[in-house]
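# Let me see the structure of the following:
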Amino acid sequence: MSKAFVFSIKRICFDENYHPAENTRITTNFANLARGERRQQNLRNTLRMIDNRFNELADWDNPEGNRYSVELEIISVDVDIEGKGVPFPVIEILKTNIVDQKDHKRIEGIVGNNFSSYVRDYDFSVLLPAHNKDKNEFSLPDGFGDLHGKLFQCFVNSKAYKENFKKPPVICLSVASSKRYYRTENRHPVLGVEYRQSECSPTDQYFEKMGMRVRYFMPENSVAPLAFYFCGDLLNDYTNLELIGTISTMETFQKIYRPEIYNANSAAGKCYQPRLTNSDYSLTQIVYDREERSQLAIEQGRLTETHFMKPYKTTLEQWAAAYAL
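Below you'll find the model as predicted:
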């Protein structure tokens, strides 16, 4: 039955002229930045921050700090459940590419980075709140994330993915404000110092069902660790420049989205718990509506329930039961 699931990929350049398509998942972070009166200034400032951070980390043979620039592509993934030419948007991720202006070459970067998903919106914004309504103790529904995890792994193993990307994805997210992180002695030349988490978060468990493990690293001159979700060997499967592309891109976005954590005025210590209530931080010059994004996640979770989960309920359940990871 899994042969009926047909994935298709669309690419759009994320630059200062980017305009979200009408069918773009509007809670996507880069779509949020590209709306309003300051849209072009937002985009220009964001891209400049990414390039500056990349050159700061890639400082070898780069005396003037301007050797590299980062090009970004938004990768939109649709799935046709029944093979009848009726696609539904399931995933939006980001692809980095690195331009070496000294050697005049373009280097392919990592795919993944940011991660947006309609089914995840449904799971976290519709299913999970409904399951915990009127309960005294938080819990996860049975099989929470199973379908999403199998859909993601089916995509990564699909012909569409393998024809477009050479390496497995890496997703880079904010650390959880509900957990504590402990600095270790392990240090990577690019990723920086490694942290360990006190216990798994629901997000960690969710990504585990997608076939991804997590490690936490705080790069040089950063103030908080980032969560890196990956399929293979994070430290050996990717080059230094590939990793820097992901760090510079996602740290920039986190400074915009989570300034209380990633643009804080003091760095994480040996024992660290991120707090969105932190008041000692600096703002970027980029406008981002975090409250609106949370509201839209609920709306799009309901849209997924109406147009994907309910109409294809039987097909999805049969497929998930038969799908072998």
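# what's the spacing between the most centrally placed residue in the chain and F165?
The centroid of the chain falls nearest to N114 when counting by Cα atoms, centre = their mean (2.4 Å). Using Cβ to Cβ, to the nearest Å, N114 is found at 15 Å from F165. Heads up, the C-betas are built off the backbone N, CA and C, glycines and all.
# which stretches of the protein have low pLDDT?
The chain contains residues with pLDDT under 70 at 1-4, 19-37, 287-294, 325.
# all strands of it, in order?
6-14, 68-80, 88-100, 105-117, 170-174, 181-188, 192-197, 213-218, 226-230, 271-272 (DSSP state E).
# Out of these, the one nearest S248 is which?
S248 sits nearest to strand 68-80 of all the strands of the chain, at 6.4 Å, using Cβ to Cβ.
# just checking, what packs against the closest one?
Secondary-structure packing of strand 68-80 (3 or more Cβ pairs under 8 Å, 6 or more residues apart in numbering; DSSP states H and E): strand 6-14, helix 39-57, strand 88-100, strand 105-117, helix 146-156, helix 240-257.
# among those, which is the most enclosed?
Ranked by mean neighbour count under mean count of other Cβ atoms under 10 Å, the helices and strands packed on strand 68-80 are led by helix 240-257, which reaches a mean of 24.
# Mind exporting the C-alpha coordinates of that one to PDB?
The C-alpha trace of helix 240-257 is given here as PDB (Å, rounded to 0.1, in the frame of the first residue of the first chain):
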ATOM      1  CA  ASN A 240      32.700  21.800   8.800                       C
ATOM      2  CA  LEU A 241      31.300  24.100   6.200                       C
ATOM      3  CA  GLU A 242      28.000  22.200   6.000                       C
ATOM      4  CA  LEU A 243      27.700  22.300   9.800                       C
ATOM      5  CA  ILE A 244      28.500  26.000   9.800                       C
ATOM      6  CA  GLY A 245      25.800  26.700   7.200                       C
ATOM      7  CA  THR A 246      23.200  25.100   9.500                       C
ATOM      8  CA  ILE A 247      24.500  26.800  12.700                       C
ATOM      9  CA  SER A 248      24.700  30.300  11.100                       C
ATOM     10  CA  THR A 249      21.200  29.900   9.600                       C
ATOM     11  CA  MET A 250      19.300  28.500  12.600                       C
ATOM     12  CA  GLU A 251      21.100  30.500  15.300                       C
ATOM     13  CA  THR A 252      20.100  33.600  13.400                       C
ATOM     14  CA  PHE A 253      16.500  32.500  13.200                       C
ATOM     15  CA  GLN A 254      16.500  31.600  16.900                       C
ATOM     16  CA  LYS A 255      17.900  35.000  17.800                       C
ATOM     17  CA  ILE A 256      14.800  36.400  16.100                       C
ATOM     18  CA  TYR A 257      12.200  33.900  17.400                       C
END
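# If you count contacts, what does it end up packed against?
If you count contacts as 3+ Cβ pairs under 8 Å, 6+ apart, helix 240-257 packs onto helix 29-33, helix 39-57, strand 68-80, strand 88-100, strand 105-117, strand 170-174, strand 226-230, helix 259-262.
# So what's the gap between it and the chain middle?
A distance of 11 Å separates the centroid of the chain from that of helix 240-257, by Cα atoms, centre = their mean, to the nearest Å.
# and R67, how many residues sit next to it?
Counted with other Cβ atoms under 10 Å, the neighbours of R67 add up to 19.
# nope, G145 is what I was after
Neighbour count of G145, defined by other Cβ under 10 Å: 24.
# S69 too?
16.
# is it true that it touches Q101?
Yes. Contact criterion Cβ atoms under 8 Å: S69 and Q101 qualify, at 6.8 Å.
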